[in-house]
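Student: Dropping a prediction and its sequence here:
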Amino acid sequence: MTDTNGNGANPAAGGAPALNALVQYLKDFSFENPNAPNSLGPQEKAPDISIQVNVNARQLAPTDFEVSLTLDAKAGEGAGLLFKLDLEYGGVFRLINIPEEQVGPIVMIECPRLLFPFVRQIVADATRDGGFPPLYIDPIDFVALYQQKASQAAAAQA
């Protein structure tokens, strides 16, 4: 008799590689509309919108990782600030039979890629519900973000 996990695969037996999303959740969320209702009227020009994205991960168990996608967005600046949005969306992922050298890229690229559509929808709904046109975020190149973080980590070690 062999031990198996819930999907019938035996991780110790060297079965097929698998990436499973165990759970997804909204970890932290804030939407500020500080100048409402004055900010909700027609604008003379389109506001400057800035978006910052970051990916963090931590290992929970030998095969389980928590991955969080943080996003900070704002429209306008100073007294002309229309809105500010802070979001952290997370998920727990199980990696089975993944070669050790591929774990980092899968956790930092593929997992956030799976979370992104949900983050995009939350941002669009929040900005629309805040009285503005929905903010649809363009797709994010998680490969470039991963490479940027890797080069920053290498520079910090040097």
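Tutor: That came through, no problem.
Student: who touches stretch 132-150?
Tutor: Applying Cβ atoms under 8 Å, 6 or more residues apart in numbering, the contact partners of stretch 132-150 are 40, 49, 51, 53, 55, 71, 73, 75, 82-83, 85, 105, 108-110, 112-113, 116, 119-120, 123-125, 127-128. For the C-beta atoms, the positions are set from N, CA and C on the backbone; glycine is no exception.
Student: With stretch 32-50 instead?
Tutor: With contact meaning Cβ under 8 Å, 6+ apart, stretch 32-50 is reached by 73-77, 79-85, 130-132, 135.
Student: Just the buried residues of the contacts of stretch 132-150.
Tutor: With burial judged by 16 or more other Cβ atoms under 10 Å, the buried subset of those is 53, 55, 71, 73, 75, 82-83, 85, 108-110, 112-113, 116, 119-120, 123, 127.
Student: So what does the residue nearest the centre of the chain look like in phi/psi?
Tutor: With distances taken as Cα atoms, centre = their mean, L69 lies nearest the centre of the chain, 2.3 Å away. According to degrees, to the nearest 10, the main-chain angles of L69 amount to phi -110, psi 120.
Student: hey, which helix or strand in the chain has the poorest pLDDT?
Tutor: Sorting the helices and strands of the chain by mean pLDDT, DSSP states H and E puts helix 142-157 at the bottom, at a mean of 88.
Student: Could you give the separation of that one from the chain centroid?
Tutor: Relative to its chain's centre, helix 142-157 lies at 17 Å (Cα atoms, centre = their mean, to the nearest Å).
Student: Can you list the buried residues in it?
Tutor: Buried positions in helix 142-157, judged by neighbour count with 16+ other Cβ under 10 Å: F142, L145, Y146.
Student: Turn these into TSV, columns for distance to G15.
Tutor: Supplementary listing: the buried residues of helix 142-157 in TSV, determined by distance: Cβ to Cβ, whole Å:
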residue	distance to G15
F142	27
L145	31
Y146	27
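Student: Output the longest helix belonging to this protein.
Tutor: When the chain is parsed with DSSP state H, its longest helix is helix 111-129.
Student: Could you check how many residues crowd around C111?
Tutor: By other Cβ atoms under 10 Å, the residues close to C111 number 25.
Student: Might one say that it is in contact with V67?
Tutor: Yes - between C111 and V67 there is a contact under Cβ atoms under 8 Å: 4.1 Å.
Student: give me phi/psi at N20?
Tutor: Per-residue torsions, N20: phi -120, psi 130 (degrees, to the nearest 10).
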